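I would like the atomic coordinates for the input below:
(one chain, ligands or ions: 1)
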Amino acid sequence: MPMSNAFQERLAPALEPAVRRFGTPFHIYDEAGIRETGRALKDAFSGLPGFREYFAVKALPNPAILSIMLQMGFGFDCSSVAELALARRAGGRGMDIMFTSNNTSPEEFVAAAADGGSILNLDDISLLDKTPEMPELICFRYNPGDRRTGNAIIGAPAEAKYGVAHHQIVDAYRRARDRGASRFGLHTMLASNELDYRYMVETARMLLDLAGEIRDALGISFEFLNIGGGLGIPYLPDKKPLDLSAMGRKIGALFADFKSRRGHAPALTMESGRYITGPHGVLVATAINRKEIYRTHVGLDACMSALMRPGMYGAYHHITVFGRENAPATEVVDVVGALCENNDKFAIQRPLPPIADGDRVLIHDTGAHGHSMGFNYNGRLRPRELLLRESGAVELIRRAETLEDHFATLNYQPDVLAPAGH
Ligand SMILES: *Cc1c(COP(=O)(O)O)cnc(C)c1O
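Now for the predicted structure:
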C-alpha cells in the first residue's frame, strides 16, 4: 500500500504545473497526509495521559515540515548539532527536544544544553562523567541485550552499539541521582520499519517492567518511558499497514495496569520518523534515456543523491508512471540513475508499463530517510523539495543544490603546516 489514493488525487492536478515551474527531479510532500497521520497517532494514544511524539528529525529535516510537527503538538528527536539547530529554528525549546546522540562529543553536550536546553538521553553510563552539568531531568537509552520479555524476540540488541546494558542500568540512575538529577526518563529503540505492532507492545512492557525494577531498587519514579521509533510503513503493495489503534489499546492497558499496581504511571513518548512522513512523499523524476542491452534500462534525471535506500539496503520503493497508474505492467526493466556506481538503481527487474523519454516517473514513499540520506558522490547534487499544501498550493521548501554549494568547501584560506623540525 504505497502512496495513498488521496495523495495521488491531490497531486494529480498539481504535478505538471509544478514540473513546469520548478523542473524535475524533486521530492514533494503531502501536508494533508502528514497531518492525517499525526491525528491518527494522537487518537490511537489518547487514552495515555501525557502521550507525546518526538518526530525523528533525521527522517525529514526540513524547517517547513518541522513547523507542521510543532503545530501538531509534537516535539523533536535530535541526534546531532545540526538537528538541534533545525529543531530550535522551528521553535522547539527545552522539553520539546529529546537529544538522543550516541558516541557523544563534548560539542554535542554543549549544544544540547544551549538555547533553552533539551532532554538529555544518555547512551552510556560513562557519559555521566562527561556531561558538563547534570541536568535536573535525565534519561538513559536502554539496551536489553539478550534478555527477552514474554515470548517476544526484539531485534538483536546485543550486537548493537546503542544504549546502556541491563547490568549497568540501575547503577546509571543511582549515579545520576547522586550527581543531582531528580527527574527521570527511560528510553529504548529496538525496532526498524516494524509492521507488527506487537513488537512495540512488548517494548512498552519491557520498559514498564524495568521502570518497576529500578523504582524498587532506588525509589525513583519515571516521568516518561520512550519506546523509540521504528514503526513501519508498507513499502510493498501487498503488505498490510501497522495496526496503530491495536497498538494504542494494548499499550494503554499495560500502562493502566502499571498505574493500578503502583499508584503512578509514567507518560508514554515515542520518536517515530518514517511512520509520520514516509508515505507522504514521492520523488518525481523524468525519464531521459531508454537503453536496450541485455536488459532494458530506464534512465531518470534523479539518482542516489536523491534516494539512497534502494542502492544501500536493496529497499523496495514502489514506482508508477504519472498518468498511467493503472496501465498494465508489460515490461520488466531496471530503473537507474547516472552515478558511476552500479547499485545506483531505483528498481531492478521491475514490471512496469512501457516508459518513454519525457515520462514522469514517481518513486513512492520518499517522505522519510529520502532526501536527508542523499549524498554527493560523483558530484551529483541533491534535488529540491516541495510541499503540497492543504490548500493545493505547491511551495518550494528547499532549493536544489548548485555547483557553488558543492564547491563551497574549496573556498578557504591557504594554510600549510611546515614539515616537523623546521
Ligand atoms: C532513526 C531513529 C528514529 C526514527 O526511526 P524511524 O524508523 O524513522 O521511526 C528514532 N529514534 C532514534 C534514536 C533513531 O536513531
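
domains in this protein, as residue ranges please.
31-277, 279-401 (automatic domain parsing).

Look up how far D124 lies from the residue in the stretch 1-150 of the chain that the ligand sits nearest to.
Residue nearest to the ligand within the stretch 1-150 of the chain (C-beta to the nearest ligand atom): A56, separated by 3.3 Å. Just so you know, the C-beta spots here come from the backbone N, C-alpha and C atoms, and that holds for glycine as well. From A56 across to D124, the span is 20 Å (C-beta to C-beta, to the nearest Å).

which one of those two has more residues nearby?
Set side by side, A56 and D124 show more neighbours around A56, with 29 against 20, by other C-beta atoms under 10 Å.

I figured F99 was touching A114, is that so?
No - here F99 lies out of contact with A114, judged by C-beta atoms under 8 Å, at a distance of 10.9 Å.

I'd like to know the beta-bridge partner residues of the residue of the stretch 1-150 of the chain closest to the ligand.
Following DSSP bridges, A56 is listed with bridge partners D77.

Tell me where the stretch 51-200 of the chain has strands.
52-56, 75-78, 94-99, 118-122, 137-143, 164-165, 183-187 (DSSP state E, counting those that start in this stretch).

Report all helices and strands that the fifth one contacts.
What that stands for is strand 137-143. Helices and strands touching strand 137-143, by 3 or more C-beta pairs under 8 Å, 6 or more residues apart in numbering; DSSP states H and E, are strand 118-122, strand 164-165, helix 166-178, strand 183-187.

quick one, which of those is packed in tightest?
Most buried of those by mean neighbour count (mean count of other C-beta atoms under 10 Å) is strand 118-122; its value is a mean of 27.

Relative to it, what are the paired strands and their orientations?
In the sheet, strand 118-122 lines up with strand 94-99 (parallel), strand 137-143 (parallel) (DSSP bridges).

Is the longest one in proximity to the ligand?
Going back to what we said before, that points to strand 137-143. No - Strand 137-143 lies out of reach of the ligand by C-beta under 6 Å from any ligand atom, never closer than 7.4 Å.

would you put the C-alpha positions of that strand in CSV?
Output of strand 137-143 as CSV, limited to C-alpha atoms (Å, rounded to 0.1, in the frame of the first residue of the first chain):
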residue,chain,number,x,y,z
LEU,A,137,15.9,15.7,34.1
ILE,A,138,18.0,12.8,32.8
CYS,A,139,17.2,9.8,30.5
PHE,A,140,19.1,6.8,29.5
ARG,A,141,18.8,4.7,26.4
TYR,A,142,18.5,1.1,27.4
ASN,A,143,19.9,-1.9,25.5
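
Give the buried residues for it.
137-143 (16 or more other C-beta atoms under 10 Å).

for this structure, where's the lowest mean pLDDT among helices and strands?
One helix or strand of the chain scores below all others by mean pLDDT, DSSP states H and E: helix 309-313, with a mean of 94.

List the contacts of that helix.
With contacts defined as C-beta atoms under 8 Å, 6 or more residues apart in numbering, helix 309-313 is touched by 304, 315-317, 341, 343-347, 369-370, 373.

Same list, the buried residues of strand 137-143, but as CSV with pLDDT please.
What follows is the buried residues of strand 137-143, written out as CSV (pLDDT from 0 to 100):
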residue, pLDDT
L137, 97
I138, 98
C139, 98
F140, 98
R141, 98
Y142, 97
N143, 95
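
what's the closest of these to P279?
Checking those against P279 with C-beta to C-beta, the nearest one is R141 at 27.3 Å.

picking that back up, make TSV from the helices and strands packed on strand 137-143 and add distance to the ligand and mean pLDDT to it.
What follows is these, written out as TSV (distance: least, C-beta to the nearest ligand atom, whole Å; pLDDT from 0 to 100):
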stretch	distance to the ligand	mean pLDDT
strand 118-122	8	98
strand 164-165	14	96
helix 166-178	17	97
strand 183-187	8	98
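
would a markdown table of these with distance to I363 be doable?
Putting the helices and strands packed on strand 137-143 into a markdown table (distance: least, C-beta to C-beta, whole Å) gives the following:
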| stretch | distance to I363 |
| --- | --- |
| strand 118-122 | 33 |
| strand 164-165 | 39 |
| helix 166-178 | 41 |
| strand 183-187 | 33 |
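
out of these, nearest to N103?
Between the helices and strands packed on strand 137-143, strand 118-122 lies closest to N103; by C-beta to C-beta that is 11.8 Å.

Let's see the closest one as PDB, backbone CA atoms only.
Output of strand 118-122 as PDB, limited to C-alpha atoms (Å, rounded to 0.1, in the frame of the first residue of the first chain):
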ATOM      1  CA  SER A 118      16.800  19.700  25.800                       C
ATOM      2  CA  ILE A 119      16.000  16.400  27.400                       C
ATOM      3  CA  LEU A 120      19.400  14.700  27.600                       C
ATOM      4  CA  ASN A 121      19.200  11.000  26.700                       C
ATOM      5  CA  LEU A 122      22.500   9.400  27.600                       C
END
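
how big is the angle separating it from helix 166-178?
Here strand 118-122 runs at an angle of 140 degrees relative to helix 166-178 (axes from the mean of the first three to the mean of the last three C-alpha atoms, to 10 degrees).

Find out how far strand 118-122 is from the centre of the chain, if you would.
Centroid separation for strand 118-122 versus its chain: 18 Å, with C-alpha atoms, centre = their mean, to the nearest Å.

again, but for stretch 344-358
27 Å.

Could you do stretch 307-319 as well?
Using C-alpha atoms, centre = their mean, the offset of stretch 307-319 from its chain centre is 15 Å.
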